[in-house]
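K.L.:
With the sequence up front, the predicted model follows.
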Amino acid sequence: MASAKQAVERHYTRGRLGETILAALKQAGKDVDHLTIDDLAPVDEFHGRGRSATVELARLLNPGGDVRVLDVGSGIGGPSRYLAQRHGCRVDGIDITAEFCEVATMLAARTGLSERVTYRHGDALAVPFADGSFDVVWSQNVSMNIAERDRFYAELHRVLKPGGRLAISEVLAGPGGAAHLPVPWASDPSISFLLPEDVTRAKLAAAGFAVSAWVDTTPTGPAPAPPVAPPPLGLHLLIGPAWAEVVRNGFRNYAEARIRSMTAVLTRA
Ligand SMILES: C[S@@+](CC[C@H](N)C(=O)[O-])C[C@H]1O[C@@H](n2cnc3c(N)ncnc32)[C@H](O)[C@@H]1O
């Protein structure tokens, strides 16, 4: 039987993802040898509200230039390249999905950011860095795949310097019942682990974090009409064939209060 980590990696692995993204970029009229972070934003920000969610969290964090950041669950690297390009950060990314790390590295080279961002295959539950290595730990929409949440937060705390900050976004369990699946992070319940907001806050506090800013990002108002077909360049390239159902479930899960979302900055005690 596959371990939870293998099941998560299998869920996210598309196969030939780098080639697929480059082909879509060409189709969208981009020069794939000289890409900008804005060219990539429709495909490399793998979380709700895309680039705007990253901009919002970076604003809350307001990192000084040249700070050392660890992006845990860095995906194909949109948030880390944004922090490097727009805020001057040096970012190490780790991710459990080897294909995502390869694609992230390739896209860093094509955006001229290889000096400031690096990616390696690694597990958030055993972060391959020494204690106190980072000024900032950043983790966007990763915890939903992690059952051992206390160990996850303890690892994020361990690799931060004293006084360092955690910038985090999460999908939370809502009061409306279990989420309809598939969702972007899971096709079945064996790799989906949402917690309610109060439990999340209590676990972060128990790990040694104090809240500096906490924003409820749950969408309000009527859901937009689901798109009929995806554009050439979009998250469907990462989500795969279930894309249309995943989009529909996202709207339903929020409308039925089955999921909520938050973004926050916390300080390591
Ligand atoms: C929804 S994607 C978000 C990617 C990225 N943070 C972003 O916002 O663009 C979730 C990511 O978490 C990674 N992940 C899940 N469990 C992990 C673990 N235990 N350790 C490291 N990465 C993990 C997945 O491989 C995937 O890249």
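P.N.:
Thanks, I have the structure now.

K.L.:
so how many other residues sit close to the residue in the stretch 1-150 of the chain that the ligand sits nearest to?
P.N.:
Relative to the ligand, the nearest point of the stretch 1-150 of the chain is Gly75 (2.7 Å; Cβ to the nearest ligand atom). From N, CA and C alone the C-beta is placed, and that goes for glycine too. For Gly75, the neighbour count with other Cβ atoms under 10 Å is 25.

K.L.:
for the one 4 residues further on, same thing?
P.N.:
Residue neighbour count, defined by other Cβ under 10 Å, stands at 31 for Pro79.

K.L.:
what does the stretch 101-250 of the chain have sitting close to the ligand?
P.N.:
Proximity of the stretch 101-250 of the chain to the ligand, by Cβ under 6 Å from any ligand atom, involves residues 123-125, 140-142, 145-146, 184-185.

K.L.:
Show me just the buried residues among the residues you listed.
P.N.:
Using 16 or more other Cβ atoms under 10 Å as the burial test, those include 123-125, 140-142, 145-146, 184-185 as buried.

K.L.:
Between all of the residues you listed, which two are at the greatest distance?
P.N.:
Comparing every pair within these by Cβ to Cβ identifies Leu125 and Pro184 as the most remote, at 20.7 Å.

K.L.:
At which residues are the strands of the stretch 51-200 of the chain located?
P.N.:
68-72, 90-95, 117-121, 134-140, 160-173 (DSSP state E, counting those that start in this stretch).

K.L.:
can the ones you listed go into CSV with extra columns for mean pLDDT?
P.N.:
Formatted as CSV, these follow (pLDDT from 0 to 100):
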stretch, mean pLDDT
strand 68-72, 99
strand 90-95, 98
strand 117-121, 98
strand 134-140, 98
strand 160-173, 98
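
K.L.:
For Phe129, give its distance to Trp243.
P.N.:
Applying Cβ to Cβ, to the nearest Å, the value for Phe129 to Trp243 is 34 Å.

K.L.:
Spell out the residue ranges of the helices in the chain.
P.N.:
4-12, 17-27, 37-44, 50-61, 78-87, 98-110, 149-158, 197-207, 236-239, 243-255 (DSSP state H).

K.L.:
got the buried residues for the third one?
P.N.:
Read that as helix 37-44. Across helix 37-44, burial judged by 16+ other Cβ under 10 Å covers 37, 39-44.

K.L.:
so how far is that helix off the chain centroid?
P.N.:
Taking Cα atoms, centre = their mean, to the nearest Å, one finds the center of helix 37-44 at 14 Å from the center of the full chain.

K.L.:
Tell me if that helix is near the ligand.
P.N.:
No: applying Cβ under 6 Å from any ligand atom, one finds helix 37-44 separated from the ligand by no less than 6.6 Å.

K.L.:
What about the residue nearest to Arg258 when sequence neighbours are not counted? Give its phi and psi, please.
P.N.:
Nearest residue to Arg258, sequence neighbours excluded (Cβ to Cβ, 6 or more residues apart in numbering): Gly176, at 4.3 Å. When read as degrees, to the nearest 10, the backbone of Gly176 gives phi -80, psi 0.

K.L.:
Next, find the distance separating Gly176 from the ligand.
P.N.:
For Gly176, the distance to the ligand (Cβ to the nearest ligand atom, to the nearest Å) stands at 21 Å.

K.L.:
Which single one of the residues of the stretch 101-250 of the chain next to the ligand is nearest to Ser52?
P.N.:
Using Cβ to Cβ, those come closest to Ser52 at Gln140, 12.3 Å.

K.L.:
Could you give the bridge partners of that closest one?
P.N.:
Ser169 (DSSP bridges).

K.L.:
I appreciate the help and will end here.
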